[in-house]
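**Student:** Predicted model, plus sequence, below.
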Amino acid sequence: MRLKDKVIIITGSTTGIGKAIALRSVAEGAKVVVHGLEADWAKQVVEELGKDSSVSLVGDLAEESTAKRLVDLAIERFGRLDAVVNNAAIVAASNLESTDIAFMEKILRVNTIAPFLLIKAALPYLENSSGCVLNIGSVNAWSGEPNLLAYSISKGGLMTMTRNLGDVLFRDHGVKINQINPGWVLTETEIERKKEHGLSNTWYENLPAMYAPARRIILPREIAAAAVFWLSDESGPVSGQVMELEQYPMIGRNAPKDTSTIQ
């Protein structure tokens, strides 16, 4: 019960990593505000978590008012706010040729600006509770896959924001902020996304060691297990840090260029 009685807003928590964090948080004693775009999915998650431990809000994070609505709901329903998990993001393929201004602004609005707005809206309440912020980024923040240009830029911005605020928020407001950068994670949407890219229905069952040394990719519940550490008091005074959760070193990896990787 490492999160006993803590109240946590988790964006994008009707599926994938966000849902896994919500499930683990409630199991650890927290109460959560579930957020997503699909009303039926949100209802299902609340039923799974229990209505005494959760409440949901359906809203588009691209709209500025959604951040305040999330904070207001947490206070109205549970009377306090201890943590914010900025998990929601648009994962959409794009490269230099296909990325126009409207697309870039849409990605940045949800993936980078919305977390900024939620932190601002939540700060007075997080200060009262000596709370924390956990941003869910991506290893793509370091440069990104060739067909994830806008997404990678948005996650790079989020990572810089985490480090920038990691000092001042803690020093001036007593609020910690840290970030997890997951690698390749087997979410429901990722399974379907790769099928749309032409992979088989069982593409994730025996992956090449080049991309997944374990022959499988990370599960959402494994990201959630790490999230509990950052949301709990166990992380102590640590702030402004970014943790990569991948199967191999992200910085400096130089894979062999022989028959073990090239067929």
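**Tutor:** That came through fine.
**Student:** Tell me the bridge partners for residue 185.
**Tutor:** Legend: beta-bridge partners of residue 185 under DSSP bridges are residue 218.
**Student:** Begin at 20, not 1, for the rest of this chat.
**Tutor:** New numbering, starting at 20: the last item is residue 204.
**Student:** residue contacts, it?
**Tutor:** 35-36, 236-239, 242 (C-beta atoms under 8 Å, 6 or more residues apart in numbering). C-betas here are computed from N, CA, C, even on glycine.
**Student:** Closest one of those residues to residue 227?
**Tutor:** residue 236 (11.4 Å; C-beta to C-beta).
**Student:** dump the residue contacts of residue 208.
**Tutor:** For residue 208, the contacting residues are 34-35, 110, by C-beta under 8 Å, 6+ apart.
**Student:** State the helix or strand in which the closest residue to residue 80 other than its chain neighbours lies.
**Tutor:** Nearest non-adjacent residue to residue 80, counting by C-beta to C-beta, 6 or more residues apart in numbering: residue 133, 3.8 Å away. Residue 133 belongs to helix 133-148 when elements are defined using DSSP states H and E.
**Student:** Show me what counts as buried in that helix.
**Tutor:** The neighbour-count check on helix 133-148 (16 or more other C-beta atoms under 10 Å) flags 133-134, 136-138, 140-142, 144-145 as buried.
**Student:** Report the distance from that helix to the chain centre.
**Tutor:** A distance of 16 Å separates the centroid of the chain from that of helix 133-148, by C-alpha atoms, centre = their mean, to the nearest Å.
**Student:** Report all helices and strands that that helix contacts.
**Tutor:** helix 84-97, strand 102-105, strand 151-155, helix 168-192 (3 or more C-beta pairs under 8 Å, 6 or more residues apart in numbering; DSSP states H and E).
**Student:** if we can go back for a sec, of the buried residues of helix 133-148, which is the nearest to residue 276?
**Tutor:** Ranked by distance to residue 276 (C-beta to C-beta), these are led by residue 134 at 37.8 Å.
**Student:** if we can go back for a sec, compare the contacts of residue 204 and tell me which has the most neighbours.
**Tutor:** In terms of neighbour count, residue 36 stands highest of the contacts of residue 204 at 29 neighbours, by other C-beta atoms under 10 Å.
**Student:** List phi and psi for that one.
**Tutor:** Dihedral pair for residue 36: phi -60, psi -40, per degrees, to the nearest 10.
**Student:** low-confidence ranges in the stretch 170-282 of the chain?
**Tutor:** Scanning the stretch 170-282 of the chain for pLDDT under 70 picks out 282.
**Student:** ok, now with 90
**Tutor:** Applying pLDDT under 90 to the stretch 170-282 of the chain flags the ranges 208-209, 211-213, 215-220, 225-230, 269-282.
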